[in-house]
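**Student:** A structural model of the following input is requested.
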Amino acid sequence: MTVSTFAAPDMPPAFPERAAWGTAPSLRAWQQQALEAYFGSDGRQPGPRDFLTVATPGAGKTTFALRLARELLERRIVQAITIVCPTEHLKRQWAEAASRVGIKIDPEFQNAQGKAGKDFDGIAVTYATVAARPPLHRNRTEARKTLVVFDEVHHAGDGLSWGDAVREAFEPATRRLSLSGTPFRTDINPIPFVQYEEGPDGIRRSRADYTYGYGPALADGVVRPVIFMAYAGEMRWRTRAGDEITATLGEPLTQDQTAQAWRAALDPKGDWIQQVIAAADRRLTELRRAIPDAGGLVIATDHETARAYAKMLRAVCGQGATIVLSDDPGASKKIKQFADSEDRWMVAVRMVSEGVDIPRLAVGVYATSTSTPLFFAQAIGRFVRARRRGETASVFLPSVPTLMGHAAEMETERDHVLDRPVREDGLDDDLLAEANRSRDTPDDLGEEFAFETVEASATFDRVLYDGGEFGMQAAPGSAEEEEFLGIPGLLEPDQVSQLLRKRQAQQIANERKRKTGDPREDRTAAEDLHALRKELNGLVGAWSHRTGQPHGVIHNELRRTCGGPPLAEASGKEVRERIAKIRDWAAKRRG
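**Tutor:** Numbering: from 1, shown residues only. Here you go, the predicted structure:
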């Protein structure tokens with residue numbers, strides 16, 4: 001191994017026989033900076049015992065961690081490595097990556113073995129494996145000077161037992177490197193070995209030693225831009241009492257109505273998910289014109305719907321889809337085979353939501369009711385890894401306020417927040433869990449009546465990209481929808497924005513002409529005003545998601561600042577002023 005420190009040119013390097021890695025082409029700028037933050041700008045520091053690196057999915061956390069591990073081994077600061085992962089598949093992925101840089105990691109280690117084989121530099125285990133026998137892993141850690149790498153370290157705070165186990169097992173470690181690629185959440189469980197600082201508001205927040213967010217990574221060309229294709233639609237379902245309820249996904253609904261309508265949309269018995277999957281496959285076909293091996297991923301809620309979606313895909317594109325289920329012992333093998341192939345589609349239940357590396361994934365369907373910022377960021381992270389300049393990713397999702405807020409906040413960086421156990425995503429997951437039960441609660445007669453989707457149809461709603469919203473509602477298969485599905489697969493980010501604005505303007509003009517015969521009609525016409533109000537409501541939803549303020553409070557503040565009547569009575573000019581004002585708020589907050 002040829003590894004060196006970061007010695008300045010006018011200083012003798014600590015290891016003169018090694019070539020300086022500061023100029024190594026395999027290191028990205030952020031990885032170089034993170035290593036300097038660890039070892040010091042001259043490369044001579046031994047490094048801190050604990051170090052937290054937060055870097056967006058696709059940025060190269062694994063490369064950074066293994067480069068740091070190799071240096072610590074070479075300096076004899078550590079003698080062994082333990083990598084702790086969320087899943088079995090990630091153990092093998094880490095071991096394969098480590099082997100490419102000359103580090104031998106055993107991904108098949110079991111607690112029953114007691115110790116790793118002599119041929120290995122270390123092991124990869126899951127958090128669950130550690131929690132099963134913390135004393136065993138403590139003994140291993142004490143026996144040799146050990147670097148412990150915590151992949152997606154927030155899992156160590158998932159529950160009190162896991163957190164306690166990780167703390168017990170790795171408290172004696174010589175070095176601990178914590179990694180996270182997703183927004184931290186708000187809860188009451190501190191993550192072991194993560195430092196917290198109390199702010200002026202009395203709330204403790206995690207403190208990262210190095211942060212590289214999606215925004216900087218996008219600007220550096222390290223990750224792909226994501227185009228979100230949102231679909232609304234009419235939903236009708238029958239309750240346990242036999243009542244039929246109709247609601248429009250994408251319009252203001254109560255939380256309970258949103259949860260039920262969301263479930264109806266994802267129900268394989270309805271047309272909504274079939275129409276969205278068909279649209280996603282058409283988008284994949286367009287991308288494969290420029291990216292021949294581009295692949296798609298449908299993220300499903302459960303095993304039954306995953307299999308149903310796979311059948312839909314076969315009917316749509318004439319090819320079978322790889323199905324990856326959480327209880328499938330061959331899941332890792334299937335993921336690897338799909339990653340190495342040019343097959344079109346994979347359908348997965350959570351298995352591909354975090355850390356799994358399939359760089360060719362370019363189209364996603366978010367067909368799950370999981371709504372937390374953490375899971376959403378993990379899922380979208382599967383599509384952002386850049387391979388060559390100009391690639392974009394497209395993710396199809398329901399027009400649900402929670403998801404719209406998450407999509408609008410792709411660049412937001414979050415710390416782990418303690419002391420404030422409140423939800424920040426705008427929708428109670430308990431409602432979603434209730435909505436997605438296979439059967440309603442038995443009634444007094446002991447009979448069960450399943451939630452029944454009566455009708456679910458999709459409507460193309462809008463495109464979210466780079467903080468903006470584009471497009472007006474259109475029917476599936478219409479020319480208006482095809483205008484957005486047919487965006488070329490290789491474009492610079494600013495070209496995507498320009499094309500989206502152009503196509504939205506054309507869609508508005510076509511709608512005017514269809515209704516009035518005059519494409520030059522004033523933009524304050526009813527259809528334009530409807531689109532403006534919808535755009536403002538979307539921005540208000542995103543701002544509410546970001547700040548925790550109710551929608552009504554935000555609308556009132558916009559009225560107070562900009563003047564004018566309530567939104568329902570506001571003119572097009574007044575609505576545009578409010579749109580400009582809330583965009584200004586968002587820009588200042590990002591700045």
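**Student:** from memory residue 485 sits against residue 276, does it?
**Tutor:** No: here residue 485 does not reach residue 276: they are 11.3 Å apart, not a contact under C-beta atoms under 8 Å. Using the backbone N, CA and C atoms, a C-beta is placed for each residue, glycine as well.
**Student:** What about the residue nearest to residue 319 when sequence neighbours are not counted, how many residues nearby?
**Tutor:** Nearest residue to residue 319, sequence neighbours excluded (C-beta to C-beta, 6 or more residues apart in numbering): residue 344, at 5.5 Å. Residue 344 has 23 neighbouring residues, counting by other C-beta atoms under 10 Å.
**Student:** Counting neighbours around each, name which of residue 485 and residue 276 comes out higher.
**Tutor:** residue 276 (26 against 21).
**Student:** Which elements pack onto the host helix or strand of that one?
**Tutor:** Using DSSP states H and E, the element containing residue 276 is helix 271-290. Secondary-structure packing of helix 271-290 (3 or more C-beta pairs under 8 Å, 6 or more residues apart in numbering; DSSP states H and E): strand 226-238, helix 255-266, strand 295-300, helix 303-317, strand 361-367, strand 393-398, strand 452-465, helix 479-485.
**Student:** Name the strands paired with the third one and say parallel or antiparallel.
**Tutor:** The one in question is strand 295-300. strand 345-348 (parallel), strand 361-367 (parallel) (DSSP bridges).
**Student:** Mean confidence (pLDDT) on that strand, please.
**Tutor:** In this model, strand 295-300 has a mean pLDDT of 95.
**Student:** ditto for the second one
**Tutor:** Mean pLDDT, helix 255-266: 91.
**Student:** do the same with the fifth one
**Tutor:** Mean pLDDT, strand 361-367: 96.
**Student:** which parts of it are buried?
**Tutor:** Buried residues in strand 361-367, counted by 16 or more other C-beta atoms under 10 Å: 361, 362, 363, 364, 365, 366, 367.
**Student:** In contact with the fifth one, which residues are there?
**Tutor:** When you say that, I think you mean residue 365. Residue 365 makes contacts with 276, 277, 280, 296, 297, 298, 299, 309, 395, 396, 397, as judged by C-beta atoms under 8 Å, 6 or more residues apart in numbering.
**Student:** what's the closest of these to residue 493?
**Tutor:** In terms of C-beta to C-beta, no member of these lies closer to residue 493 than residue 395, at 15.8 Å.
**Student:** Please list all residues in contact with the closest one.
**Tutor:** By C-beta under 8 Å, 6+ apart, the contact set of residue 395 is 226, 227, 228, 229, 363, 364, 365, 366, 380, 383, 407.
**Student:** Next one, pLDDT for the fourth one please.
**Tutor:** Going back to what we said before, that points to residue 229. pLDDT, read off for residue 229, is 95.
**Student:** Show me what the residue lying closest to it once chain neighbours are set aside is bridged to.
**Tutor:** Nearest residue to residue 229, sequence neighbours excluded (C-beta to C-beta, 6+ apart): residue 396, at 4.6 Å. For residue 396, the beta-bridge partners are residue 229, residue 365 (DSSP bridges).
**Student:** I'd say residue 396 and residue 383 touch.
**Tutor:** No: in this structure, residue 396 is not within contact of residue 383 by C-beta under 8 Å, at 11.1 Å.
**Student:** Where do the helices of the stretch 1-150 of the chain begin and end?
**Tutor:** For the stretch 1-150 of the chain, the helices defined by DSSP state H, counting those that start in this stretch occupy 29-39, 61-74, 88-99, 127-132, 134-143.
**Student:** Now the shortest one: buried residues?
**Tutor:** Using 16+ other C-beta under 10 Å as the test for burial, helix 127-132 gives 127, 129, 130, 131.
**Student:** about what we covered before: the strands paired with strand 295-300 into a markdown table, with extra columns for distance to residue 152?
**Tutor:** Converted to a markdown table, these look like this (distance: least, C-beta to C-beta, whole Å):
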| stretch | distance to residue 152 |
| --- | --- |
| strand 345-348 | 17 |
| strand 361-367 | 18 |
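**Student:** and residue 271, which of those is closest to it?
**Tutor:** With distances scored as C-beta to C-beta, the stretch of the strands paired with strand 295-300 nearest to residue 271 is strand 361-367 (13.9 Å).
**Student:** tell me the angle the closest one makes with helix 303-317.
**Tutor:** In terms of direction (axes from the mean of the first three to the mean of the last three C-alpha atoms, to 10 degrees), strand 361-367 departs from helix 303-317 by 130 degrees.
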